[in-house]
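Peer 1: Using only what follows, build the 3D model:
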Amino acid sequence: MGPIALAFGLAALAWVLVVGDLLRRHRPAWHWYLAGYPAAACRVVFTWRKVAMLNDLSVSRRPPRGLLGDLVVKGDPLRPVIPRLSFPRANRMGLTATVRLHAGQTPATYMKAADALVHAWKVHAVRVTSPERGLVLLTATASDPLARPGLASAPAALLSALIGVLESGGAWVMDLRLVPHWLIAGATRSGKSTLLARLITQLAPQPVALVGIDCKGGMELGLFAERLSALTTCRREAVAVLTALAVDMQDRMQTCRTAGVRSIWELPEKLRPVPVVVIVDEIAELYLSDGRRESKAEAEQCSTLLLRLAQLGAALGMHLVVAGQRVGSDLGPGVTALRAQLGGRICHRVNDPGTAEMTLGDLNKDAVIVAQSITADEQGVAVCSGPEGGWSRARSHLTSTEQAAATARKHAALTPELPAIVRALAALEGDDK
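Peer 2: I've put the predicted structure just below:
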């Protein structure tokens, strides 16, 4: 090879390396399909037999036996039989492969071998699921999409908020039309407040009414007061506002009955009342009582009104987003009953196993384990429920308090007035005087 050819070869190699690095940084999906997937697929195919044998994923076939007169003739010695693995199929963030189980095998064995598969295939994570009896689906993620949670694209829709990114690389969307009520749990500095800020940022430009209940003196939601149709800072005010919303709910029922429809979304647009999203920060403050009769009465009223709103509000355009550091059965049966009505679940890092169990336990036991493994360094990372009953790790987009407050101020003119709440708060002020 002459010096000119060598120079051209080195130049071509350098160009390939430069283009590959640019693709990896700016178009990671393209880089994965062109370079990452072929290499990973080869590793999966060529290491499968060895990994299956070392991790007890194979079964032993018994040797045949025959009779020759009075002699028992044995066949070949025991041989391991490797489960059949489909050829890996690429997706945007990794690959998937299906394994057909042998008789007597269960998906639990494959779950135990997930770490070994990660090591052999040189991927970030392998999730094991069983879509149907006798089959195991292995989903490998090439890299952690939550390390740099950019925003995936998602269609804008009323009562829909683009929150961040899912572990699969898709958009993490809270769609209140699809899942009307949500429970969000998270310890201090876990990302819960950032998530609420992101939600308000997304809902602020929409024609919806936002009602804030923040019994910590309004320290969190008070920053967005200009875009809130009402903000309560104590439980007494919360009772008044929730009672007013219950009255408004009755009026909406009457409107639907008169029009002969089952939902406000079936009403003509000019007759449709404005949707209301009630955001509760620190739910425990509404349920805790100091023992006084008035305190117990207020707590019981809050419990009853929130439960009624959750049971009847979806078809009437009233939605609940309930957040708290601790959500446990020790807060009373009202919390457990309310939890059952909140179909959407988000669990950040929490301080006690009971909160993770309360948030995700009726969804999936594996989701509880994954939520408890979230570390303090993974701010914004959470386990969230999907619209079809599944779950996924996700990370919210970093929206600072300043950005959310600026967005609230920018769209303050869109804040609708809710007459029932205005009257209730005015009457409360009159009683105080």
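
Peer 1: wait, is residue 280 part of a strand?
Peer 2: Yes: secondary structure of residue 280 (DSSP: H, G, I helix; E, B strand; the rest coil): part of a strand.

Peer 1: wait, it sits on residue 319?
Peer 2: No: applying Cβ atoms under 8 Å as the test, residue 280 and residue 319 come out as separate, 11.4 Å apart. For glycine as for every other residue, the C-beta is placed from the backbone atoms N, C-alpha and C.

Peer 1: Please say which of these two ends up with more neighbours.
Peer 2: residue 280 (27 against 24; other Cβ atoms under 10 Å).

Peer 1: Name the residues linked to the more buried one by a beta bridge.
Peer 2: residue 213, residue 322 (DSSP bridges).

Peer 1: And the strands in the stretch 51-200 of the chain, which stretches?
Peer 2: 59-61, 65-68, 71-74, 79-81, 84-85, 89-91, 94-100, 125-129, 135-141, 160-166, 171-175, 181-185 (DSSP state E, counting those that start in this stretch).

Peer 1: Need the winner for burial among these.
Peer 2: Looking across those with neighbours counted as mean count of other Cβ atoms under 10 Å, the highest average goes to strand 181-185: a mean of 26.

Peer 1: now it: mean pLDDT?
Peer 2: For strand 181-185, the mean pLDDT works out to 95.

Peer 1: What of stretch 281-296?
Peer 2: 80.

Peer 1: If we go by neighbour counts, what in that stretch is buried?
Peer 2: 281-283, 285-287 (16 or more other Cβ atoms under 10 Å).

Peer 1: Which one of the residues you listed is nearest to residue 59?
Peer 2: Distances from residue 59 to these, taken as Cβ to Cβ, are shortest for residue 283 (50.1 Å).

Peer 1: correct me, but the closest one touches residue 334?
Peer 2: No: in this structure, residue 283 is not within contact of residue 334 by Cβ under 8 Å, at 10.1 Å.

Peer 1: which residues in the stretch 301-433 of the chain form strands?
Peer 2: Going by DSSP E, counting those that start in this stretch, the stretch 301-433 of the chain shows strands at 318-324, 344-347, 381-385, 391-396.

Peer 1: Centre of the chain to the first one, how far?
Peer 2: So the one you mean is strand 318-324. 15 Å (Cα atoms, centre = their mean, to the nearest Å).

Peer 1: what do you get for the last one?
Peer 2: Its chain's C-alpha centre and that of strand 391-396 lie 5 Å apart, by Cα atoms, centre = their mean.

Peer 1: so what strands line up beside that strand?
Peer 2: Applying DSSP bridges, strand 391-396 is found paired with strand 160-166 (antiparallel), strand 381-385 (antiparallel).

Peer 1: Quick check, residue 192 in contact with residue 348.
Peer 2: Yes: the pair residue 192 / residue 348 is scored as a contact, 5.5 Å apart, by Cβ under 8 Å.

Peer 1: For the strands of the stretch 301-433 of the chain, give me a markdown table that also has distance to residue 354 and mean pLDDT.
Peer 2: A markdown table is the format used below for these (distance: least, Cβ to Cβ, whole Å; pLDDT from 0 to 100):
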| stretch | distance to residue 354 | mean pLDDT |
| --- | --- | --- |
| strand 318-324 | 12 | 95 |
| strand 344-347 | 12 | 95 |
| strand 381-385 | 16 | 92 |
| strand 391-396 | 19 | 88 |
